[in-house]
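In: Everything below, folded, please.
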Amino acid sequence: MSLTPPIPILIVDDEADLRDLLVEAMVDEGYAAEGAEGGTQALARVREQHFPVIFTDLNMPGGLSGLELLRAVHEEDPRTMGILMTGYATTESAIQALKRGAYDFIQKPFKLAEIEASLARALEHYRLLRENEAYQQNLERMVETRTQEILGLKNDIERLFEGFVNASVTAIEARDPSTSGHSSRVAELTVGLAEAVNHTPNGPYGGLHFTPIQIREIRYASLLHDFGKVGVREQVLVKAKKIEGEHLESIFQRLHQRTLESMRDRMLDAWSKGRAYDHEAVGGLLRQQEEETRRLMDLVRRSNEPTVLPQDVAQELDLMQDLTYQHWSGDRRILMDPGDLDLLKIPKGSLSAQEREEIQSHVTYTYRFLSQIPWTSELAGVPEIAWAHHERLNGKGYPRQLTEPDIPVQSKLMAVSDVYDALTAADRPYKAAVSIERSLEILEQEARVNLLDTEVLRIFIEARIFERTTGHLRPAP
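Out: Next up is the predicted model:
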C-alpha cells in the first residue's frame, strides 16, 4: 500500500477535547485524520478502512484499553502502526506496549511537535516496510517466473533426451529388424525387476532399495545397452547361416560343375579308347555322379545350419578338403577354401571366432558411446551398467571377464532380462523362439553354473516379471 496524501490517521481517546485538538492539528498538516472515542468505535473503523497509523490512549474506561485495542487492530490489519499515549507512563507499561505491537510510546502531557515527530517516524517506517514487502513480492514473482522457466527448460531437455534415446533405439533396430522391440522389452523387464527388488524384505538384496532416479538410470542403460551394434558390420550382425548368399551359391555351382567335369572326363577317356557311346552306361554314371553331388550339397546345407554340429558331420566335411574343380583359366583349384570348411565346422551358431569377437565388441562400442554423453551425477552410472550386462558371475562373460564382486547389481538384473528376451523373442534368422517354460529352465541352468545371479533369477520368477512382456510372444501352435 502506498502512502498517497491525504494519509488516513485515526486518533482514539476518550477525552474529546484532546482528541479533537489532535485531529484538527493533523488535518492542518494535510492528513485525513479522524477521531474515535473508544476502542470499539476505533475497531469498527479499522474494519472499514486501512489506517497507516493509529494514536490511542492507554487507559480508556468502559471498553477496550489501548493495549487491547492495539492487539485487536493487529489481528485485523497487521500493517497498521500503533502509537500509545498515556499520562501514567511507567517502564513496565512501555515495555508491554511495545510487546503488544505498539510502534512508539508518548507520555502525556506532550507537545504537538512530539506527536508530529513520532508520526513522521512511524510513516517512514511504514513506507520502508511497504517497499520491502513490494520488493519481496516482486522478488518472489521473479523467482516463480524463473522457476517456471527452469522447469520448462528441464522438461524440454528431458523430452529432448527421451527423443534422443528413442531415436537411438530406432537406429539400433534398423540395423537388425529381427530384434525389433528387444531394447524396450529389456528395459521393461529390468525396471520391473528393480522394482521387485525394492519390495524384497530379506535375502541378499533385502536391504537394497533403488530410488526413482536410480530406476531411471536403469531404464536408460537398458534401452541403450545394445547401441554399440551400430558399429558392427551388418553381414555379421544379422548372419543367419555360416556361409550365406552368393558365396554359398558359388560352392553349390562348383559342385555341380564338378559333376559335369567328371562326366566329360569319363566320356573323353572312353572315346579315346575307341569305345562306342553307350546311352545307358552314360546315364548310370550321370545318376551316380549327381547322387554324390546331392549328398555333398546336403552335407554343406546341414553343416551350414547354426544348430549344434554333430561330430560325424564334422568328420565327413574333412572328405571335401581335397575336392577340386577346373577354373575358367584352366587351372585346377580347391573346391572348398580352408576358410569355408572352418566356417562349416563351427560347433554351434553361425559365427566364426573372429565374427563372434566382432559381435561382442558391441558392448565396448556401447560404453564408449554412452561415455561421451554428459550425464548428470545421478545418471552417471548408465555407461558402466550397460558395459557389464554381458559379464557373468564366474568370469566367463565379456568384454572384461569380470567376476561377481565387480559386476554392478543393475547389470546382473539386466543380464537376466536380456537372456530371457533373447530366448523368447520371435523367430530370428539364426534361432527359433523358445517357450517361456523352456526359457526359464535355461535361465535356471545358467544360474546353477554361476553365470547368472541366483537371487535375481528367483525374484524374476517369483514376482513373475517375465509376464510384463508376454504380449509380444506369438501363441503356441
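In: Now stretch 302-313: buried residues?
Out: Within stretch 302-313, the residues that count as buried by 16 or more other CB atoms under 10 Å are 303-306, 309. The C-beta positions use only the backbone N, C-alpha and C, and glycine is treated the same way.
In: Kindly report the same for stretch 452-465.
Out: For stretch 452-465, using 16+ other CB under 10 Å, the buried residues are 452-453, 456-460, 463, 465.
In: Can you pull the domain assignment for the protein?
Out: 8-134, 176-233+354-472, 240-350 (automatic domain parsing).
In: before we move on, which element is Arg438 in?
Out: Using DSSP states H and E, the element containing Arg438 is helix 436-448.
In: Which strands and helices lie in contact with that helix?
Out: Counting contacts by 3 or more CB pairs under 8 Å, 6 or more residues apart in numbering; DSSP states H and E, helix 436-448 is packed against helix 409-424, helix 454-462.
In: Identify whichever of those helices lies nearest to Arg368.
Out: Proximity to Arg368, assessed across the helices and strands packed on helix 436-448 by CB to CB, is greatest for helix 409-424 (16.9 Å).
In: Make TSV out of the domains of the chain and add mean pLDDT and distance to Phe161.
Out: TSV is the format used below for those (pLDDT from 0 to 100; distance: least, CB to CB, whole Å):
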stretch	mean pLDDT	distance to Phe161
domain 8-134	87	40
domain 176-233+354-472	91	9
domain 240-350	83	35
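In: Of all these, which one is nearest Glu158?
Out: Using CB to CB, those put domain 176-233+354-472 closest to Glu158, at 9.8 Å.
In: Centre of the chain to the closest one, how far?
Out: With CA atoms, centre = their mean, to the nearest Å as the basis, domain 176-233+354-472 stands 15 Å off its chain's centre.
In: In stretch 393-406, which residues are buried?
Out: Quick answer for stretch 393-406 (16+ other CB under 10 Å): 393, 397-400, 402.
In: Also stretch 172-180?
Out: The neighbour-count check on stretch 172-180 (16+ other CB under 10 Å) flags 172-173, 175-176, 178-180 as buried.
In: do the same with stretch 113-129
Out: Within stretch 113-129, the residues that count as buried by 16+ other CB under 10 Å are 115, 118-119, 122-123, 126.
In: before we move on, the earlier item: tell me the one among the buried residues of stretch 172-180 nearest to Pro338.
Out: Nearest to Pro338 among those, counting by CB to CB, is Asp176 at 29.5 Å.
In: just the strands in the stretch 151-300 of the chain please.
Out: Read by DSSP state E, counting those that start in this stretch, the stretch 151-300 of the chain holds no strands at all.
In: in it, which spans are helices?
Out: Counting by DSSP state H, counting those that start in this stretch, the stretch 151-300 of the chain has helices at residues 182-198, 212-223, 234-237, 245-272, 279-304.
In: can you tell which of those helices is closest to Gln354?
Out: Taking CB to CB, helix 234-237 is the member of these nearest to Gln354, at 9.2 Å.
In: picking that back up, just the helices of the stretch 151-300 of the chain: most buried one?
Out: Compared across those, helix 182-198 shows the largest average neighbour count, a mean of 22 (mean count of other CB atoms under 10 Å).
In: got the CA coordinates for it in PDB?
Out: The C-alpha trace of helix 182-198 is given here as PDB (Å, rounded to 0.1, in the frame of the first residue of the first chain):
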ATOM      1  CA  HIS A 182      14.300 -56.100 -27.800                       C
ATOM      2  CA  SER A 183      15.700 -52.900 -26.200                       C
ATOM      3  CA  SER A 184      12.300 -51.700 -25.000                       C
ATOM      4  CA  ARG A 185      11.400 -55.100 -23.600                       C
ATOM      5  CA  VAL A 186      14.700 -55.500 -21.800                       C
ATOM      6  CA  ALA A 187      14.100 -52.100 -20.200                       C
ATOM      7  CA  GLU A 188      10.600 -53.100 -19.200                       C
ATOM      8  CA  LEU A 189      11.800 -56.300 -17.600                       C
ATOM      9  CA  THR A 190      14.800 -54.800 -15.900                       C
ATOM     10  CA  VAL A 191      12.800 -51.900 -14.400                       C
ATOM     11  CA  GLY A 192      10.200 -54.300 -13.200                       C
ATOM     12  CA  LEU A 193      12.900 -56.500 -11.700                       C
ATOM     13  CA  ALA A 194      14.400 -53.500  -9.900                       C
ATOM     14  CA  GLU A 195      11.000 -52.500  -8.500                       C
ATOM     15  CA  ALA A 196      10.600 -56.100  -7.300                       C
ATOM     16  CA  VAL A 197      13.900 -55.900  -5.600                       C
ATOM     17  CA  ASN A 198      12.600 -52.900  -3.700                       C
END
